[in-house]
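S.K.: after the sequence you'll find the predicted model.
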Amino acid sequence: MQNPTPKYKRVLLKLSGEALMGPDQFGINRTTLSGIVEEIKSMLELGVELGVVVGGGNIFRGVALGATGMDRATGDYMGMLATVMNAMALQDALRTAGIEARVQSALTLSQVAEPYIRGRALKYLEKGRVVIFAAGTGNPFFTTDTTAALRGAEIGAQIVLKATKVDGIYSEDPKKNPNAELYKDITFDEAMRRNLKVMDATAFALCRDQGLPIKVFSITKPGAMRRVVLGEDEGTLVHV
């Protein structure tokens, strides 16, 4: 049976470090990571070209208590190194599943990752390889959400997929208010006006200016990623 045609041919997936923790308090939960790889595999089988930006909160927040009073730039560089560790773990898990993946780092770490080179990343994507962008933008004071917006624009992605632990954007925290409203779609301006903290304002503004939509969905919901790239009713679409 022939696979259905995806709505989006090239996408940028933003994975938080917390998404890799699963039920644990910190670090990488192997079962959770394997589940994410299966979701990615089901999307790749549709012929989708995939870039991934991964956060580092699952590792860095574990040492953040000891970083109290630390210089902000130093702390941000430590966070970037945490994203490299997560990128390497994701690459290893993808390769174990038979999926070719490359890690490109915005920081120079030649023993473990190649440098970020846009042209090379585009060639990898065209060959069907997953490209994992590590170390954020390589600059302090910028989040990995902003990295996702930036890399998404650079590789010509048609959409940024923001994988979270909830199934979309709500008017309030659904854990605190079970009657919170789930938005099916919302404009960038409206999301920023309502101060809906799904991505930071810099990332929102960059995606808005580039006309790059964002889909917010639950990484823990089986099949959600595949439904998103097929254009089915899943999560929340943020658009111009």
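M.R.: Done, it's in.

S.K.: can you give me the strands in this structure?
M.R.: 10-15, 49-54, 101-105, 114-115, 130-134, 159-164, 169-170, 182-183, 185-187, 214-218, 236-239 (DSSP state E).

S.K.: for Leu15, which non-adjacent residue is closest in space?
M.R.: Val54 (4.7 Å; C-beta to C-beta, 6 or more residues apart in numbering). (Each C-beta comes from the backbone N, C-alpha and C, glycine too.)

S.K.: contacts only, for that neighbour.
M.R.: Leu15, Ser16, Gly17, Leu20, Thr83, Asn86, Ala87, Leu90, Ile132, Phe133, Ala134, Thr144 (C-beta atoms under 8 Å, 6 or more residues apart in numbering).

S.K.: next, count neighbours for the first one.
M.R.: The local packing of Leu15 (other C-beta atoms under 10 Å) involves 25 other residues.

S.K.: test my guess that it contacts Lys165.
M.R.: No: when contacts are counted by C-beta atoms under 8 Å, Leu15 is not listed as touching Lys165 (11.4 Å).

S.K.: show residues contacting stretch 225-234.
M.R.: 4, 6-8, 11, 13, 39-40, 42-43, 46, 48, 161, 163, 167, 184, 215, 217, 219, 224, 235.

S.K.: of the contacts of Val54, which pair is most distant in space?
M.R.: Leu20 and Phe133 (15.5 Å; C-beta to C-beta).

S.K.: more neighbours, the two?
M.R.: Neighbours were tallied for Leu20 and for Phe133 using other C-beta under 10 Å; the higher tally belongs to Phe133 (30 against 26).

S.K.: return the set of residues that bridge with that one.
M.R.: Val53, Gln104 (DSSP bridges).

S.K.: quick check: closest non-adjacent residue to Ala121.
M.R.: Closest to Ala121 by C-beta to C-beta, 6+ apart is Val131, at 4.9 Å.

S.K.: mind listing what that neighbour touches?
M.R.: Val131 touches Leu50, Gly51, Val52, Ala101, Arg102, Gln104, Ala121, Tyr124, Leu125, Ile155, counting by C-beta under 8 Å, 6+ apart.

S.K.: stretch 149-158: which residues count as buried?
M.R.: Ala149, Leu150, Arg151, Gly152, Ala153, Glu154, Ile155, Ala157, Gln158 (16 or more other C-beta atoms under 10 Å).

S.K.: run the chain-centre distance for it.
M.R.: 12 Å (C-alpha atoms, centre = their mean, to the nearest Å).
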